[in-house]
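A.B. asks: What would the 3D arrangement of this be:
(chains A and B)
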Protein chains: 2
Amino acid sequence: MKIRIGILGYGNLGRGVECAVRQNPDMELVAVFTRRDPAHVKILTDAAKVCHVDEAPEWKDKLDVLILCGGSATDLPVQTPEYAGLFNVVDSFDTHARIPEHFEKVDEAAKAGGKTAVISVGWDPGMFSLNRMYANAILPEGKDYTFWGRGVSQGHSDAVRRIAGVKDAKQYTIPVESALASVRAGENPELSVRQKHTRECFVVAEEGADKARIEEEIKTMPNYFADYDTTVHFISEEELKRDHHRIPHGGFVLRSGVTGWDRENSHLIEYSLKLDSNPEFTASVIVAYARAAFRLSGEGAVGCKTVFDIAPTYLSAKTGEELRASML
Amino acid sequence: MKIRIGILGYGNLGRGVECAVRQNPDMELVAVFTRRDPAHVKILTDAAKVCHVDEAPEWKDKLDVLILCGGSATDLPVQTPEYAGLFNVVDSFDTHARIPEHFEKVDEAAKAGGKTAVISVGWDPGMFSLNRMYANAILPEGKDYTFWGRGVSQGHSDAVRRIAGVKDAKQYTIPVESALASVRAGENPELSVRQKHTRECFVVAEEGADKARIEEEIKTMPNYFADYDTTVHFISEEELKRDHHRIPHGGFVLRSGVTGWDRENSHLIEYSLKLDSNPEFTASVIVAYARAAFRLSGEGAVGCKTVFDIAPTYLSAKTGEELRASML
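C.D. replies: Predicted structure coming up:
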């Protein structure tokens, strides 16, 4: 009997979950829920149904885990608490500052429904958080660094697109190599925002638009670009499509710390990701945690969890015995 | 009320645990048990007692966790099952092939005594195992690589020391940079033993010893060196003491995998450690898992566990709420 998965929201992330489910033989995708007209949503999995989101509650007993693939700004704050009372759910809520509040709401709903919810799953929050936490527990005296990139920031790309005269744009966040090198060398640098990342924009301008003005607006945009060294390239629509259609990302989590009676020994823990597809990797992490949610639910562990609360073994299709023999 | 820690075996690892306990304000070292004459064992912690190992059982109710710091060859296979019935214990048993058997014995003893045991804690087995496991769960289709070094291998150093005419020696295991680069480039290479690591020996020869014969014996030693490209340097005793007294180590765990409907996207997960002191870092991991053992025991989770079975949050002195707000 396979773990029956539902997907709510069929964008890049939802499609990534669909692909990831296919790579896990103990799972099957049974339904995709969409706000669009189901007749116009084509999915890849023949055996799965496409339904309108309003029908989701009727699937209450036909799904083991519902994976919520909406956005963190407006979808998930409403959807996760709503569905956590009906289904075991996993989401990738990534507004770091609002996680505590989201946790409380989802926890309450999941407990009321006797279900298991896992929130903020992916790589940051997610695998990066886990690595920050493990490294801090191991080296209590030390310093943390997180670098993102090289990768596409959706939020920054959108911000550029909102500028008058911009037809399309893609923004890459790039870690500063010399800053990374300094951390790796154990120099424990104090790094400003500008010293950690640069930003690179590829912009398609509307015909006749004032490129100098666009470039200036980008580089001085508060919060998004003003605190960074930003490079702007104007390219054609064809070039954007040809060279910038992927959604790569990645980054580095480092902790540098000391041990010894006189703190005489230094250590560096580094975790890094290099991802061709941000949504597909995020989806792969989510699917592993969907397995965990299913199992935890089977053990009666109701309520909201994060990656911190879940023992690694729950993520794997292998038994504890197999894991000890092959991976320990 | 602090977590009361005992240490059994006061070598490099035991001393490392002593140092790590001092870095964790929620713990205190209360006793060190030794097979030597306690009068001749000087420890660093004023408030802790040094006792003969035979007295350990009398401390049954005065310790929250006993950390076993003996060797994997002969000490731990006996000691961990012996003490797991009396104390919550943590060990760093690292003979990978014998872990399943060790687990069974310790599990039985811990269950009989109603205690919590955590075995094979450190970085390999330990943090490297965790990273292999997480990465495999996330990317089910992919390839694993583990590289060790640059670091001192105690076993290989000992093997060199056993050669006639060798007064002292230190052996470094070194990952081959080009092999690492190939893995990072996503080339998924098939790597032989020789292609992954080289070995470098610093040897102090007895006066008048035949250095050419020693070098030959090292390089052709089955299992230890014959399958590797090995470099041998003869140095003076002073040089060995001056330049090679530390016990650095480290390494890399990588998983390269694919996602997407047609496996069209590649991803690389990399975890690495660069450690000035192998025993002190191992001790730091052990101490975090001692906290976990104490808490799990408080929840009634008896029996043997490994790093796979323990939710990350148990390692941290912070509450779940603090972790979600600061590290997720």
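A.B. asks: So which bits of the helix or strand hosting A:I67 are buried?
C.D. replies: According to DSSP states H and E, A:I67 maps onto strand A:65-68. Neighbour-count burial for strand A:65-68 flags A:V65, A:L66, A:I67, A:L68 (criterion: 16 or more other C-beta atoms under 10 Å in any protein chain shown). Where C-beta positions appear, they are placed from N, C-alpha and C, glycine not excepted.
A.B. asks: now stretch A:307-319
C.D. replies: Under the neighbour-count criterion of 16+ other C-beta under 10 Å, stretch A:307-319 has A:V307, A:F308, A:D309, A:I310, A:A311, A:P312, A:T313, A:Y314, A:L315, A:S316, A:K318 buried.
A.B. asks: pLDDT at A:Q79, what is it?
C.D. replies: Per-residue pLDDT puts A:Q79 at 98.
A.B. asks: Next: the one 4 residues further on.
C.D. replies: For A:Y83, the model assigns a pLDDT of 98.
A.B. asks: What strand or helix carries it?
C.D. replies: helix A:76-84.
A.B. asks: try A:K143
C.D. replies: Per DSSP H and E: strand A:142-148 holds A:K143.
A.B. asks: so what does that strand touch, helix or strand wise?
C.D. replies: Judged by 3 or more C-beta pairs under 8 Å, 6 or more residues apart in numbering or on different chains; DSSP states H and E, strand A:142-148 is in contact with helix A:127-138, strand A:166-175, helix A:177-184, strand A:249-259.
A.B. asks: contacts for the next helix-or-strand element following it?
C.D. replies: The C-terminal neighbour of strand A:142-148 among helices and strands, as given by DSSP H and E, is strand A:151-152. For strand A:151-152, contacts defined as C-beta atoms under 8 Å, 6 or more residues apart in numbering or on different chains pick out A:170-173, A:244, A:246-251, A:275, A:278.
A.B. asks: Next up, the contacts around A:F234.
C.D. replies: Shown in contact with A:F234 (C-beta under 8 Å, 6+ apart): A:V203, A:V204, A:A205, A:K211.
A.B. asks: Within reach of chain B, which of the buried residues of stretch A:307-319 are there?
C.D. replies: By C-beta under 8 Å from any C-beta of the partner chain, the members of the buried residues of stretch A:307-319 lying near chain B are A:V307, A:F308, A:D309, A:I310, A:A311, A:P312, A:T313, A:L315, A:S316.
A.B. asks: okay if I get those residues as a markdown table plus secondary structure?
C.D. replies: Below are those laid out as a markdown table (DSSP: H, G, I helix; E, B strand; the rest coil):
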| residue | secondary structure |
| --- | --- |
| A:V307 | helix |
| A:F308 | helix |
| A:D309 | helix |
| A:I310 | coil |
| A:A311 | coil |
| A:P312 | helix |
| A:T313 | helix |
| A:L315 | helix |
| A:S316 | coil |
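A.B. asks: can you name the two of these that are farthest apart?
C.D. replies: In these, two members sit farther apart than any others by C-beta to C-beta. They are A:F308 and A:S316, at 17.6 Å.
A.B. asks: Redo the ones next to chain B among the buried residues of stretch A:307-319 as TSV? Include pLDDT.
C.D. replies: As requested, these are arranged in TSV below (pLDDT from 0 to 100):
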residue	pLDDT
A:V307	98
A:F308	98
A:D309	98
A:I310	98
A:A311	98
A:P312	98
A:T313	98
A:L315	98
A:S316	98
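A.B. asks: give me every residue that touches A:K105.
C.D. replies: Contacts of A:K105 by C-beta under 8 Å, 6+ apart are A:P77, A:T80, A:P81.
A.B. asks: Which one of those residues is nearest to chain B?
C.D. replies: A:T80 (14.8 Å; C-beta to the nearest C-beta).
A.B. asks: looking at it, the closest one is touching A:L68, isn't it?
C.D. replies: Yes - the pair A:T80 / A:L68 is scored as a contact, 5.6 Å apart, by C-beta atoms under 8 Å.
A.B. asks: returning to that earlier point: going through the contacts of A:F234, which ones are buried?
C.D. replies: A:V203, A:V204, A:A205.
A.B. asks: how about low-confidence regions in chain A?
C.D. replies: Applying pLDDT under 70 to chain A flags no residue at all.
A.B. asks: List the contacts of the most centrally placed residue in it.
C.D. replies: Residue closest to the average C-alpha location in chain A (C-alpha atoms, centre = their mean): A:G122, at 3.8 Å. Counting by C-beta under 8 Å, 6+ apart, A:G122 makes contact with A:S92, A:D94, A:T282, A:V285, A:I286.
A.B. asks: I'd like those laid out as TSV, including secondary structure and neighbour count.
C.D. replies: Below are those laid out as TSV (DSSP: H, G, I helix; E, B strand; the rest coil; neighbours: other C-beta atoms under 10 Å in any protein chain shown):
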residue	secondary structure	neighbour count
A:S92	coil	28
A:D94	coil	21
A:T282	helix	27
A:V285	helix	24
A:I286	helix	28
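A.B. asks: so which of those also contact chain B?
C.D. replies: By C-beta under 8 Å from any C-beta, the members of the contacts of A:G122 lying near chain B are A:V285.
A.B. asks: Name the nearest of the contacts of A:G122 relative to A:T45.
C.D. replies: Nearest member of these to A:T45, counting by C-beta to C-beta, is A:I286, at 16.3 Å.
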